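Asker: 3D, please:
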Amino acid sequence: MSARNVLEVETPALSAGAAVDPNIHSLHTDVHAPGHSRRAYLQTSPEFHMKRLLADGAGPIFQVSRVFRDGELGRLHQPEFTMLEWYQPGFDYHRLMDEIGELLAELGLTVKERVTYADAFERHVGLEFGKDLSCFVRRAAALGFLSEPPDRRALIDFLFSEVVAPELGREGGTFIYDFPPDQAALARIRPGPPPAAERFELFLQGMEIANGFHELGDAAEQRRRFEADNARRRELKLPEMPVDERLLAALPKLPDCAGVALGVDRLLMVLTGADDIRDVLAFPFERS
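Answerer: Now for the predicted structure:
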């Protein structure tokens, strides 16, 4: 990062805002101080604070930070883990994939291919991505997943996680890009046909290692997505999460940029040949 003039920054681990994505669960604590007693959320990613720095003109930035997610514990997951996150103003998501490939090369790893989400799905699931919903229902049911009523997004996400992801990055890294628009999160959506979220994920040895976006700078659209995520949370009987209003206020000044979050512990698993994330941690959660 130093050689590329990317500035190291440090942002708070506690925030008034939280991840709204229904698939990400925040840990929280109650802070009691004169004039500032409130609930605070441990960061699931430093993204929101880093974008506020970008909006204030920080330029290319990165940090290595501890991040926290509830409900995640197992061979590939810990409630506390290490993330490398960086942002490059002036980059789109393809240029950022190039840079990640250059980082991997420094570590003796290679990128084998870039495949669109739809092409990877069709290759490994054996169904055309635009097929009728009933095809996805039957295939998912055969793997033990039921969706009542049928939810296309949930079915596709299940099939991708269970069938596609484990086969990716086996002989070199695989970038999956151009996600379905309903999986855009904080990424821009490129008009179609078909429309696609300008988002990518990097897989190595069947594991997701990195998640990156051509960053959305439209505050109104981002607010709409946050509200839709909270509506989905209500449907799933999950607690609604507070929207980060400071992020939304900063987005109109966000420069055109791409950013990525890379899981350091999983990368260490690949580099050391470890099969369990606990093998690369001195103090996994179970021994913390």
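Asker: so where does Arg75 fall, helix or strand?
Answerer: Counting by DSSP states H and E, no helix or strand carries Arg75.
Asker: What count of nearby residues applies to the nearest residue to it once chain neighbours are set aside?
Answerer: Nearest non-adjacent residue to Arg75, counting by Cβ to Cβ, 6 or more residues apart in numbering: Asp276, 5.0 Å away. Every residue, glycine included, has its C-beta placed from N, CA and C. Asp276: 12 surrounding residues under other Cβ atoms under 10 Å.
Asker: ranges for the helices of the chain?
Answerer: 47-55, 93-106, 117-125, 133-142, 152-159, 219-235, 245-250, 264-272 (DSSP state H).
Asker: Including distance to Glu286, mean pLDDT and mean neighbour count, could the ones you listed go into a markdown table?
Answerer: Shown next, in a markdown table, are the helices of the chain (distance: least, Cβ to Cβ, whole Å; pLDDT from 0 to 100; neighbours: other Cβ atoms under 10 Å):
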| stretch | distance to Glu286 | mean pLDDT | mean neighbour count |
| --- | --- | --- | --- |
| helix 47-55 | 28 | 98 | 22 |
| helix 93-106 | 30 | 98 | 16 |
| helix 117-125 | 33 | 94 | 18 |
| helix 133-142 | 32 | 87 | 15 |
| helix 152-159 | 28 | 88 | 17 |
| helix 219-235 | 29 | 96 | 15 |
| helix 245-250 | 34 | 98 | 16 |
| helix 264-272 | 15 | 98 | 18 |
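Asker: Would you reformat those helices as a markdown table and include distance to Ser288?
Answerer: Shown next, in a markdown table, are the helices of the chain (distance: least, Cβ to Cβ, whole Å):
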| stretch | distance to Ser288 |
| --- | --- |
| helix 47-55 | 25 |
| helix 93-106 | 29 |
| helix 117-125 | 36 |
| helix 133-142 | 36 |
| helix 152-159 | 30 |
| helix 219-235 | 28 |
| helix 245-250 | 30 |
| helix 264-272 | 14 |
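Asker: Now do Pro149, the pLDDT please.
Answerer: With respect to pLDDT, Pro149 scores 76.
Asker: Can you pull out the residues in contact with stretch 129-139?
Answerer: Tyr117, Ala118, Phe121, Glu122, Val125, Leu127, Ser147, Pro150, Arg152, Leu155, Ile156, Leu159 (Cβ atoms under 8 Å, 6 or more residues apart in numbering).
Asker: 7 Å - rerun?
Answerer: Ala118, Phe121, Glu122, Val125, Leu127, Ser147, Pro150, Arg152, Leu155, Ile156, Leu159 (Cβ atoms under 7 Å, 6 or more residues apart in numbering).
Asker: How about stretch 12-22?
Answerer: 26, 38, 40-44, 48-49, 66, 185, 226, 229-230, 232-233, 236, 238, 241-244, 246-247.
Asker: Next, the distance between the ends of that stretch.
Answerer: 23 Å (Cα to Cα, to the nearest Å).
Asker: cool, and stretch 271-288?
Answerer: Start-to-end, stretch 271-288 (Cα to Cα) is 24 Å.
Asker: thinking again about what came up before, which one of the helices of the chain lies closest to Glu171?
Answerer: Judged by Cβ to Cβ, the one of the helices of the chain that comes nearest to Glu171 is helix 264-272, at 12.5 Å.
Asker: Can you tell me what sits against that closest one?
Answerer: 64, 76, 81-84, 107, 204-205, 207, 209, 277, 280-281.
Asker: Next, the contact list for the most centrally placed residue in the chain, please.
Answerer: For the chain, the residue nearest the mean C-alpha position is Asn211 (4.4 Å; Cα atoms, centre = their mean). Applying Cβ under 7 Å, 6+ apart, one finds that Asn211 lies in contact with Glu201, Val260, Ala261.
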